[in-house]
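Participant: Got a predicted structure plus its sequence, pasted below:
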Amino acid sequence: MTSRTSKHFDQLADRYSRLRASPDPLDPVTRAVAELGDLRGRRVLDVGCGPGTILGQLVRAYGVDGVGIDASPHMIEAARRETPETQEFHVARAEQLPFEDASFDAALARWVVHHVDRPRAFAEILRVLRPGGRFVITTTDPHAVDTHWMAPFFPSLVAIERARFPSGDALSRELEAAGFHSLRVAPFVLARRFTHAEAMEKLRGRAYSTFALMTDDEFERGVASADAGLPGE
């Protein structure tokens, strides 16, 4: 993770749940992740847990024994405050996990793999998984970033996202190199619906780490363009 994105997440920690979390008690991506990973009742490590929103959903809906790690101390402070049903959170990096070998039944990384040193992180995650354990990743398809609702307003967004998000094929190769096997790529189309006010709150609040990688001038012009060009919903 770059220093710019690290600073972004530290600054966003207290607002991250409001700006990014789904309003649903169990969002559709979490449901898909739980089913793909067979997570019900498992001991699960959430890598890059942020404020713990997803882990909290998994604890409540699927009875997981959840542990969260994040490189941002501010995110872990938020997780301990906002997700009391999950008691175990640690400040730690994916590349150096503070756990014994074979400690978990499953691991989860939601929109995290573009922020880490993947060969090192994948080796560490494999180390802490028990034999037969599953690792579930959600990430953005770099070939589809031009369909993102923000793309028309920020000229550099597509290039930024395509440069940092790995494709499914690239991830599969990296996972195999780390020692994972029986890999599966499951395409998932996520439809988002916001009011104009909600969309503008996300933009003005710099809810996406993409904004840490573009100029302030482009960001300000894009926010103004979105305010004028986005529909009511």
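Facilitator: Perfect, thanks for sending it.
Participant: which stretches of this structure form strands?
Facilitator: Listed in chain order, the strands of the chain (DSSP state E) span 43-47, 65-70, 88-91, 104-110, 129-138.
Participant: how many neighbours does the nearest residue to residue 92 once chain neighbours are set aside have?
Facilitator: Nearest residue to residue 92 in three dimensions, chain neighbours excluded: residue 69, at 4.2 Å (C-beta to C-beta, 6 or more residues apart in numbering). All C-beta spots, glycine's among them, are computed from the backbone N, C-alpha and C. Applying other C-beta atoms under 10 Å, we find 23 residues neighbouring residue 69.
Participant: what's the answer for the one 3 residues further on, then?
Facilitator: Residue crowding around residue 72 was assessed by other C-beta under 10 Å; the count is 25.
Participant: how much space between it and residue 192?
Facilitator: Distance from residue 72 to residue 192, counting by C-beta to C-beta, to the nearest Å: 24 Å.
Participant: list the contacts for the residue positioned nearest the centre of the chain?
Facilitator: When C-alpha atoms, centre = their mean is applied to the chain, the residue found nearest the centroid is residue 111 (2.8 Å). Residue 111 is in contact with 48, 138-140, counting by C-beta atoms under 8 Å, 6 or more residues apart in numbering.
Participant: Now the phi/psi pair for the closest residue to residue 131 other than its chain neighbours, please.
Facilitator: Nearest residue to residue 131 in three dimensions, chain neighbours excluded: residue 102, at 7.1 Å (C-beta to C-beta, 6+ apart). When read as degrees, to the nearest 10, the backbone of residue 102 gives phi 50, psi 50.
Participant: Please tell me how far residue 102 sits from residue 126.
Facilitator: Using C-beta to C-beta, residue 102 is found at 10 Å from residue 126.
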